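Q: Okay, here's the prediction I keep looking at, along with the sequence it came from:
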Amino acid sequence: MESTTPPSSTTAELNCSLGMLSGELLPLVNSTLNGYSSDCNVTMETDSNISVGMPPHPVHSTSVQAVVGLSLLFFIIEIVGIVGNSLVVIVVLLDRKMRQSVTNIFIMNLAVSDWMIMVFGIPEIVQVMLNRGWVLGPVLCKFNRFVLVVSLYASILSLVSVCIERFVAIVHPIKAQILCNRRKNAIAVMLVWIVSIGCGLPTAMYNQVIPPGYCQIVFPNRIRDIQIFKFTEFALFYFVPVCIQIALYAVIGKRLYASTDELSTKFHMRKENNCKTDRAAETIKARKGVVKMLVASVMVYIVCYAAPQVLTFYNTFADRPFHMSWSFGVFTTVVANINSAANPVLYSIFSQNFRRNFKKCLFCLCLRHRRKEYIRARFDSFESRGLSRKVSTTTKTTISRL
């Protein structure tokens, strides 16, 4: 039954705004912002029997040129993100030296979560561009959003994990020999996904499709529960991780540059130990490169998610929420995807090892493709000359094995 008492303007605006934010961590993760409007003029019943104002239909019209341009932009971001993160996983798994690094294992875990965000974000992007609401049904509403949220949580926790690992390795090198071994590293990776799945369960349990086309989270006590959920989410997966990483990387930077000054002093005092000094200098230089790469990754994350996170947090608690436009929804979707696609690019810029292995991997793929094309061309040539079936069969078998 619909509530006979009309909702207050504050309550209606809050629920309308939460509907626009898709009830998820999003616009943090490729949100499908359904029905963008500055007016909420439909009253509908929820589980808590609260009348919620929501727009009945999308009211935004977009030019064909804008849709084509944005589609091309999303296509480029998706290709860079999917291919780039796939390359990160491949080079870490195939290169023995890279696989032995604890840092690279966390980076690979980050790449896996970013790859999942890119792949499962495609349906969200398509629906944002169509601007017709959620059209994939209630099952995918739960499953797709659950995977996206879990992947984002895992991505954030992976960033924090690699930050803590670098802090222990550089600031407390003796403890690192005990704490940063393969067994503890495997446990840390497992914990990242266990915590992410556990924290993502509310999405799987309470996500539902609400007419006229919202895929959002609906708690039994709509207002109070969503406020608790959003506050906890904002604290655990944005504010606290950002503070931890800023603090730890500041200490790491201070230690690395202090070590550089100390090495410079030793170099002038003991020139006879040049070899040892040079090796230590190379180690510090390599560590600086890794830290710069990771700091850049964290900065991209902070910049990309600052606006949508702050807006989501504000709209959850504000008396008069901010109504998002379609353009702002597209913007938050773009920056969320850029964050997941940017990390492989940063690795190529800052890490010589990743850059070299990326080139090697791409070269091998191209070489294999050319070899396959060459053998296929030879096969066509043999077949056109009417050679025996035996030659044909042998060549086909060779191609299938490539």
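A: Sure, I can see it.
Q: what pLDDT, on average, does the helix or strand where residue 89 lies get?
A: Under the criterion of DSSP states H and E, residue 89 resides in helix 64-94. Across helix 64-94, pLDDT averages out at 91.
Q: likewise stretch 363-373?
A: 70.
Q: Wait, residue 154 touches residue 106, no?
A: No - taking C-beta atoms under 8 Å as the definition, residue 154 is not a contact partner of residue 106, at 10.9 Å. In short, each C-beta sits where N, CA and C put it, glycine included.
Q: how far away is residue 246 from residue 287?
A: Separation of residue 246 from residue 287 (C-beta to C-beta, to the nearest Å) stands at 19 Å.
Q: and those two? which has more neighbours close in?
A: residue 287 (18 against 14; other C-beta atoms under 10 Å).
Q: my guess is that one contacts residue 256, does it?
A: Yes - using C-beta under 8 Å, residue 287 is in contact with residue 256, at 6.1 Å.
Q: any residues in contact with both of those two?
A: Shared contacts of residue 287 and residue 256, defined by C-beta atoms under 8 Å, 6 or more residues apart in numbering, are found at residue 170.
Q: For the stretch 151-300 of the chain, which residues score under the pLDDT cut-off?
A: By pLDDT under 70, the low-scoring segments of the stretch 151-300 of the chain are 259-281.
Q: angle of the helix or strand hosting residue 118 against helix 64-94?
A: Using DSSP H and E, residue 118 falls within helix 102-120. Put simply, helix 102-120 runs at 150 degrees to helix 64-94, going by axes from the mean of the first three to the mean of the last three C-alpha atoms, to 10 degrees.
Q: Pull helix 102-120 out as PDB, backbone CA atoms only.
A: Only the C-alpha atoms of helix 102-120 are listed here, as PDB (Å, rounded to 0.1, in the frame of the first residue of the first chain):
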ATOM      1  CA  VAL A 102      56.000  -9.900  -3.200                       C
ATOM      2  CA  THR A 103      55.200  -6.400  -4.600                       C
ATOM      3  CA  ASN A 104      54.500  -7.800  -8.100                       C
ATOM      4  CA  ILE A 105      52.100 -10.400  -6.700                       C
ATOM      5  CA  PHE A 106      50.000  -7.600  -5.100                       C
ATOM      6  CA  ILE A 107      50.300  -5.700  -8.400                       C
ATOM      7  CA  MET A 108      49.000  -8.800 -10.200                       C
ATOM      8  CA  ASN A 109      46.100  -9.000  -7.800                       C
ATOM      9  CA  LEU A 110      45.400  -5.400  -8.400                       C
ATOM     10  CA  ALA A 111      45.400  -6.000 -12.200                       C
ATOM     11  CA  VAL A 112      43.000  -8.900 -11.800                       C
ATOM     12  CA  SER A 113      40.500  -6.800  -9.900                       C
ATOM     13  CA  ASP A 114      40.900  -3.900 -12.400                       C
ATOM     14  CA  TRP A 115      40.400  -6.300 -15.200                       C
ATOM     15  CA  MET A 116      37.100  -7.500 -13.700                       C
ATOM     16  CA  ILE A 117      36.000  -3.900 -13.200                       C
ATOM     17  CA  MET A 118      36.600  -3.300 -16.900                       C
ATOM     18  CA  VAL A 119      34.900  -6.400 -18.200                       C
ATOM     19  CA  PHE A 120      31.800  -6.400 -15.900                       C
END
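Q: Would you tell me what the next helix or strand after it is?
A: Going down the chain from helix 102-120, the next helix or strand is helix 122-130, by DSSP H and E.
Q: Give the other helices and strands that the longest helix seen in the chain contacts.
A: Counting by DSSP state H, the longest helix found in the chain is helix 274-317. If you count contacts as 3 or more C-beta pairs under 8 Å, 6 or more residues apart in numbering; DSSP states H and E, helix 274-317 packs onto helix 9-20, helix 137-171, helix 222-234, helix 240-269, helix 326-350.
Q: Quick check: buried residues in the next helix or strand after the helix holding residue 89?
A: Sequence-wise, the next helix or strand downstream of helix 64-94 (DSSP H and E) is helix 96-99. By 16 or more other C-beta atoms under 10 Å, the buried positions in helix 96-99 come out as residue 98.
Q: Stretch 209-218 too?
A: 209, 210, 212, 213, 214, 215, 216, 217, 218.
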